[in-house]
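Participant: sequence and predicted structure are below.
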Amino acid sequence: MKLILIVLLNFIFIANTNSQEDILKKKKAITFFNLAVEKLKNKEYADALNQLNNAINSYENFTEAYLERGKIRFHLEDYQGAIQDINESINKGINKGEAYFCRAFIYLKTDTSKVNIEDFNRAIELGYDNYYVYYYRGLIKLIRKNYKESIEDFTKALEKNSTYSFAYHNRGVAKMYLNDFQGAIYDFRMALSYNNKLSVSYINMGYCRIQSGDYQNAIEDYNQALKIDSSYIIYNNRGIAKFYAGDIDGARKDFEKALTLNPENKIIRNNFSNVITKQGNYSEALKIFNKIIEQSFDFAEVYLNRGMLKELTGDLKGACDDWKKAKDLGLNIADDYLSECK
């Protein structure tokens with residue numbers, strides 16, 4: 001979504017002044033401002049920017065001109081200049097929620113760590129409460145793992161625009177992180193009902209089905225995703241669903257396909273090793289596990305899986321060492337395996 005550019009055609013300054021010279025400066029600034037509006041109608045952004053420069057040079061307290069120039073600079077990918085102008089409009093006393101929203105939006109697109117939730121709040125307080133204000137406030141809360149609050153904002157966005165697929169999708173993501181898999185599946189399905197090209201909704205829905213033990217429908221979700229996209233993630237995840245469904249050969253083919261698309265991905269290599277372990281190719285699986293650990297010594301799941309492989313080959317001490325390492329790296333499920341070592 002791009003920032004909404006100038007829509008103001010006429011602007012009236014309200015100020016107490018007896019200076020004829022000051023009045024002339026303001027009128028001149030308004031003329032330049034309206035010329036910028038005309039340029040924007042034809043998407044002549046550079047010319048519009050020049051006219052806003054003239055407006056500000058004519059009257060330096062023209063807060064609207066700073067706001068609109070900031071939006072054009074954002075459109076032209078001059079993000080630092082855009083922030084400077086938005087800040088200037090706020091510092092000079094503009095009383096528009098749009099300015100606060102624009103500042104938050106630009107930071108969200110460039111550096112989420114700098115987004116101030118209060119900018120969204122202030123925008124809403126000043127009456128700028130379109131659905132995308134709630135959506136983007138929800139998005140930054142989702143990024144910061146405030147899942148319950150993000151769900152509230154996505155719901156408010158949907159109350160204002162019930163067909164906004166991205167709000168459904170990201171509300172589903174928040175529910176997914178809260179382990180509300182059925183609620184998430186509902187939202188992903190709703191997102192797809194309004195935008196059937198959202199392959200990521202199929203991907204996430206498939207993940208939720210795997211977590212719910214519904215492997216066959218997960219496979220179908222990934223089949224649908226592959227009609228839209230051919231990402232290695234889809235092949236990898238479908239391989240996981242097939243593995244749990246007992247289709248080991250099908251899982252291997254999917255992991256092999258994923259590896260052709262992303263040969264160095266340690267997660268896919270780990271999954272492929274699990275499959276060939278299941279097929280009894282212990283020596284090759286061990287080589288892959290060892291190689292992954294050489295390159296990424298803090299990958300807890302690989303230690304867990306290598307430990308299971310070592311147990312299968314009779315190396316219980318090596319298995320226990322790997323499971324302990326997995327536990328030390330924060331993988332609590334390793335406790336179930338360490339009980340064998342005691």
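Facilitator: Yes, it's here.
Participant: how about residues contacting the one helix or strand residue 123 maps to?
Facilitator: In the assignment (DSSP states H and E), residue 123 maps to helix 117-125. Helix 117-125 has contacts (Cβ atoms under 8 Å, 6 or more residues apart in numbering) with 97-98, 100-101, 103-104, 129, 133-134, 136-137, 140-141. Heads up, the C-betas are built off the backbone N, CA and C, glycines and all.
Participant: emit the PyMOL select command for whichever of these are buried.
Facilitator: Buried residues within the contacts of helix 117-125, by 16 or more other Cβ atoms under 10 Å, are selected in PyMOL with:
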select buried, resi 97+98+100+101+103+104+129+133+134+136+137+140+141
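Participant: identify the farthest-apart pair in the contacts of helix 117-125.
Facilitator: 98 and 141 (20.7 Å; Cβ to Cβ).
Participant: next up, the contacts around residue 86.
Facilitator: So residue 86 contacts 66-67, 70, 99, 102-103, 106 (Cβ under 8 Å, 6+ apart).
Participant: sorry, back to before: in strands only, show me the contacts of helix 117-125.
Facilitator: Of the contacts of helix 117-125, none are assigned to strands by DSSP state E.
Participant: residue 199: which of the contacts of helix 117-125 is nearest?
Facilitator: residue 136 (22.4 Å).
Participant: for residue 107, see how far away the closest one is.
Facilitator: 10 Å (Cβ to Cβ, to the nearest Å).
Participant: what's the answer for residue 199, then?
Facilitator: 28 Å.
Participant: check residue 60 too.
Facilitator: Taken as Cβ to Cβ, the span from residue 60 to residue 107 is 25 Å.
Participant: tell me the SS of residue 179?
Facilitator: coil (DSSP: H, G, I helix; E, B strand; the rest coil).
Participant: got a list of what it touches?
Facilitator: residue 211.
Participant: please apply the same query to the one 5 residues further on.
Facilitator: Under the criterion of Cβ under 8 Å, 6+ apart, the neighbours of residue 184 are 172-173, 175-176, 204-205, 208.
Participant: just the closest of the residues you listed to residue 192, please.
Facilitator: residue 205 (8.0 Å).
Participant: the closest one and residue 170, how far apart?
Facilitator: Relative to residue 170, and taking Cβ to Cβ, residue 205 is found at 13 Å.
Participant: and for residue 45?
Facilitator: For residue 45, the distance to residue 170 - Cβ to Cβ - is 30 Å.
Participant: the two - which one has more neighbours?
Facilitator: residue 170 (24 against 16; other Cβ atoms under 10 Å).
Participant: now that one: which helix or strand?
Facilitator: Counting by DSSP H and E, residue 170 is part of helix 165-177.
Participant: alright, calling it a day.
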